[in-house]
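J.: Got a predicted structure here, sequence first:
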Amino acid sequence: MSSIVVSELEYAPPGADQLFFDVSFGVSPGEHAALVGPNGVGKSTILRILTGQIDSDGGDFTVGGTFLQMTQDVGMALPEASLRDMLIEVAPTALRNAGRRLAAAERALVAGTDDGMGYAEALSDWGDLGGYELENQWAAAAQRSVKTPIVDFTTRLVGQLSGGERKRLVLDLLLNSGADVLFLDEPDNYLDIPTRAWLEDQIRECRSTILMVSHDRTLLERVATKIIAVEGSGCWVHGGSYATFPDARQKRQELLGDDLKRWNDEERRLFHHMKIMKQRAAQNFKNATKANGAETRWEKFVKAGPPPPPVPDQQIYVQFRGADSARRVVKFEDVFVKDLFLPFNDEVHFGERVGLIGPNGTGKTHLLNALNGITTELSGTITFGPRTSVGMFNQINDRPEFRGRDCIDIVRDRLTDEQKSMAALARYGLVNNARQEFQTLSGGQKARLEILGLELAGHNVLLLDEPTDNLDIESSEALERALDGFEGTVIAVSHDRTFLARFDRFIMITDDGEVYELPDFEIALAGLSEPSTLATLRLAKPLHDA
């Protein structure tokens, strides 16, 4: 049976406090379940335990049938590796091991340390285990997922594909593999909006049992049939889509609060009754039996323990201040990137929220980097108005200058005062990470620290490159609330549909390099779904010469 059963799972990272100790849930055959919860609570760790990458400290689990897995950083760590190396890592265990042996044997043959016998044996094992059939699956998935044809998976490098192409290739392969169970860690990261829509269709049609981690609220609403909320020391299960999850969680919190209040009231009542009976027994020994009985009832009640309290909500408070600037914040004049998009002209005005949208690889991040002063591949003129201060959030959150430094030291560069720095970290849910080195933070924690740095810098123009990609849902919502009250201008590249829905207008770059202004999110979504209709949309304004 292609089910997943987890009972009282517990885990503590080496040298750290226990991450969780009471995780129990089940996923029935054919269900598509999602693990949700704050950054750092252990969602990816649970997937790593269930797929055998690390051992738990306690508890039991069973995964029925064959399974395949996709990590959140698949294809991102080794761009110089071959596509075969990348795809071998998401193959079934036996084929993965055989593929690794075959690659090692090929290297030995080239180096002259193998007379060919080792290579012949490895090639035979690869074929016997179904390696050639797997290569056919690779070719079919690549034909559907990669723009340029792949002739040889052993010579085509991972870095020659965009991040979105790598992710789609792996997802296509896994979702069409026929595996009984799939474990997907943030499958939507690096995917553009059309590809996310494709992913939703693929998941809905997939007959495999799926357990995934995702922070994309739209995707969760559309594909998850069960939500497993990891919070506190364990988890609880909502047997529906994410659309009804927030209300279900609020009701659960209220019930837990009511249950705990009733338990406390009953404990006080039993204790008070025991005290009265003890006093009566002291006055008349005939009441001793009743007093002992009252004491026993109270002790048993207390020993059983109270029900779990409501889980404290993660409190993230982002406080962008901003400042006034000239009405015209930035002017684009004949701006283009050769072979990516055509020369266009536009202006962004104070207070606007402008979304840069379009398929992966069309040059959106190039444009955002140019606004941040990195213009190596961009032509044309970008002019900022008076009194503008520009700050940028980078999608990768890779800050070499922060490596080896504690979070508190990084924040203290801005605030100087230790107490104020700790208070700022607390607002971002990072106070427990104050003495933790930057490179050891999770992706979501790095993203929160990056946003905190933007806040403390006090910019009035924010450039955001996929700001919600690594943020948990609560942090994304806190960022959205902060941007609503921000006195300044926001220009963002994002594929998060819930995030983009709050923006004023959109600049879309198509695969053909055409640049359009779209006045609202509904029209933007229509344009992304059917780019060929953009020219006929009455409200779509070309920003380039026809």
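T.: Now that the structure is in, tell me what you want to look at. Residues are numbered from 1 along each chain as shown.

J.: which residues sit against the helix or strand encompassing residue 235?
T.: Of the helices and strands defined by DSSP states H and E, residue 235 is found in strand 234-238. Contact partners of strand 234-238, identified using CB atoms under 8 Å, 6 or more residues apart in numbering, comprise 20-25, 35, 37, 226-229, 244-245, 248-249, 252. Every residue, glycine included, has its C-beta placed from N, CA and C.

J.: of these, buried ones?
T.: Among these, those buried by neighbour count (16 or more other CB atoms under 10 Å) are 20-21, 23-25, 35, 37, 226-229, 245, 248-249.

J.: And the strands in the stretch 401-546 of the chain?
T.: 461-465, 489-493, 505-509, 515-518, 541-542 (DSSP state E, counting those that start in this stretch).

J.: For residue 417, find the nearest of those.
T.: Residue 417 lies closest to strand 461-465 among the strands of the stretch 401-546 of the chain, at 24.8 Å (CB to CB).

J.: what's the nearest residue to residue 220 if we skip its chain neighbours?
T.: residue 242 (3.6 Å; CB to CB, 6 or more residues apart in numbering).

J.: next one: residue 373
T.: Nearest one to residue 373, counting by CB to CB, 6+ apart, is residue 390 at 7.9 Å.

J.: my guess is that neighbour meets residue 369, correct?
T.: No: applying CB atoms under 8 Å, one finds residue 390 not in contact with residue 369, separated by 11.6 Å.

J.: related to what we said a few turns ago, CA-only coordinates of the strand holding residue 235, as CSV, when you get a sec.
T.: Only the C-alpha atoms of strand 234-238 are listed here, as CSV (Å, rounded to 0.1, in the frame of the first residue of the first chain):
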residue,chain,number,x,y,z
GLY,A,234,4.6,17.9,17.4
CYS,A,235,1.9,18.2,14.7
TRP,A,236,-1.8,18.1,14.1
VAL,A,237,-3.8,17.2,10.9
HIS,A,238,-6.4,19.2,9.0
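
J.: Relative to residue 211, how far out is residue 26?
T.: From residue 26 across to residue 211, the span is 11 Å (CB to CB, to the nearest Å).

J.: Identify the contacts common to the two.
T.: Joint contacts of residue 26 and residue 211 (CB under 8 Å, 6+ apart) are residue 4.

J.: Look at these two and report which has more neighbours.
T.: residue 211 (27 against 15; other CB atoms under 10 Å).

J.: for this structure, which spans come out with low pLDDT?
T.: Low-confidence segments of the chain, defined by pLDDT under 70: 1, 77, 312-315, 317, 322-323, 396-397, 531-546.

J.: Let me see the domain layout of it.
T.: Annotated domains of the chain cover 2-244, 245-302, 326-396+454-540 [the TED database].

J.: residues near the closest residue to residue 502 other than its chain neighbours, how many?
T.: Closest residue in space to residue 502, ignoring its immediate chain neighbours: residue 480 at 6.0 Å, by CB to CB, 6+ apart. Around residue 480 there are 17 other residues, counting by other CB under 10 Å.

J.: surely residue 480 meets residue 501?
T.: No: between residue 480 and residue 501 there is no contact under CB under 8 Å: 9.5 Å.

J.: Tell me the bridge partners for the residue nearest to residue 373.
T.: For residue 390, the beta-bridge partners are residue 461 (DSSP bridges).

J.: how many neighbours does it have?
T.: 18.

J.: which ones are touching it?
T.: Per CB under 8 Å, 6+ apart, neighbours of residue 390: 371-373, 384, 459, 461, 463.

J.: hmm, back to that, check which element follows the strand holding residue 235 along the chain.
T.: helix 245-283.

J.: ok, residue 460 to residue 291 distance?
T.: 72 Å.

J.: for stretch 149-156, the distance to its chain's centre please.
T.: 30 Å (CA atoms, centre = their mean, to the nearest Å).

J.: Same question for it: list its buried residues.
T.: Result for stretch 149-156 [16+ other CB under 10 Å]: buried residues 150, 153, 156.

J.: wouldn't the second one be in contact with residue 135 here?
T.: Read that as residue 153. Yes: contact criterion CB under 8 Å: residue 153 and residue 135 qualify, at 7.3 Å.

J.: Run through the residues that contact residue 173.
T.: Residue 173 neighbours (CB under 8 Å, 6+ apart): 87, 90, 137-138, 141.

J.: where exactly do the helices run in the stretch 351-500 of the chain?
T.: 364-371, 407-415, 418-427, 443-457, 473-484, 497-500 (DSSP state H, counting those that start in this stretch).

J.: And the ones you listed: which comes nearest residue 310?
T.: Of the helices of the stretch 351-500 of the chain, nearest to residue 310 by CB to CB is helix 473-484, at 15.1 Å.

J.: For that closest one, which outside residues touch it?
T.: By CB under 8 Å, 6+ apart, helix 473-484 touches 36, 38-39, 215, 217, 313-314, 316-320, 353, 429, 444, 447-448, 451, 455, 462, 467-468, 471, 490, 496, 498-499, 502.

J.: Show me where the stretch 51-200 of the chain has its helices.
T.: 83-88, 93-111, 117-128, 131-145, 163-175, 193-205.

J.: Out of those, which is closest to residue 275?
T.: helix 193-205 (59.6 Å).

J.: Can you list the strands that the helix or strand following that closest one pairs with?
T.: As assigned by DSSP H and E, the chain's next helix or strand after helix 193-205 is strand 209-213. Sheet pairing of strand 209-213 (DSSP bridges) gives strand 32-36 (parallel), strand 181-185 (parallel).

J.: Could you list every helix and strand in contact with whichever helix or strand comes after the first one?
T.: Tracing the chain past strand 32-36, the next element assigned as helix or strand by DSSP H and E is helix 43-50. For helix 43-50, the packing partners by 3 or more CB pairs under 8 Å, 6 or more residues apart in numbering; DSSP states H and E come out as strand 4-11, strand 20-27, strand 32-36, strand 58-63, strand 181-185, strand 209-213.

J.: ok, now how distant is residue 23 from residue 459?
T.: 41 Å.
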